[in-house]
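[1] what follows is a protein structure lacking sequence information:
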């Protein structure tokens, strides 16, 4: 496996474990006040695998079509946004429960993972 991929995977796992731990303890602390539609682990599984797939695809595009790397990242980000809507669709369609807390619990890690992806993709683009 390439050194860049190993580094990315190691940092991604550490990043995920750190964020998961923080959010898990916050959610557990708030469980007696509010119930959440999604488990913390399901949110982080979605973010982890989406980020991993995006990076792997952009890495592949960088190796084969290096002039299209930025476009690949933009396309993957758009697909991730659509996948997020599909992931949140059961929550959106649920009329019995307020969705605000769940949406916040999903989109805070979403934007943190997006920043994480962006940092690694920019590093990849700068090291052409």
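    Great, that's in hand. This is a predicted model, so every value here is computed, not measured. Numbers count the residues shown, from 1 in each chain.
[2] list the buried residues of stretch 102-120.
    Judged by neighbour count (16 or more other CB atoms under 10 Å), stretch 102-120 contains these buried residues: 102, 105-106, 109-110, 113-114, 116-117, 120. Using the backbone N, CA and C atoms, a C-beta is placed for each residue, glycine as well.
[3] how about residues contacting that stretch?
    By CB atoms under 8 Å, 6 or more residues apart in numbering, the list of residues contacting stretch 102-120 from outside reads 8, 11-12, 15, 19, 23, 27, 36-38, 40, 43-44, 47, 50-51, 54-55, 73, 77, 84, 87-88, 91.
[4] rerun that using 6 Å as the cut-off
    The contact list for stretch 102-120, computed with CB atoms under 6 Å, 6 or more residues apart in numbering, reads 8, 15, 19, 36-38, 43, 47, 51, 54, 91.
[5] one more: stretch 16-26?
    Under the contact criterion CB under 6 Å, 6+ apart, stretch 16-26 has outside partners 40, 44, 48, 109.
[6] distance of the closest residue to the second one other than its chain neighbours from residue 125?
    Using CB to CB, 6 or more residues apart in numbering and skipping residues adjacent in sequence, the residue nearest residue 44 is residue 20, 4.7 Å away. Applying CB to CB, to the nearest Å, the value for residue 20 to residue 125 is 28 Å.
[7] who has more neighbours out of the two?
    Neighbours per residue, other CB atoms under 10 Å: of residue 20 and residue 125, the larger number sits with residue 20, 18 against 14.
[8] got phi/psi on that one?
    Here is the backbone geometry of residue 20 (degrees, to the nearest 10): phi -60, psi -50.
[9] next one: residue 39
    Dihedral angles for residue 39 - degrees, to the nearest 10 - are phi -70, psi 150.
[10] now do the strands in this protein.
    For the chain, no strands are identified by DSSP state E.
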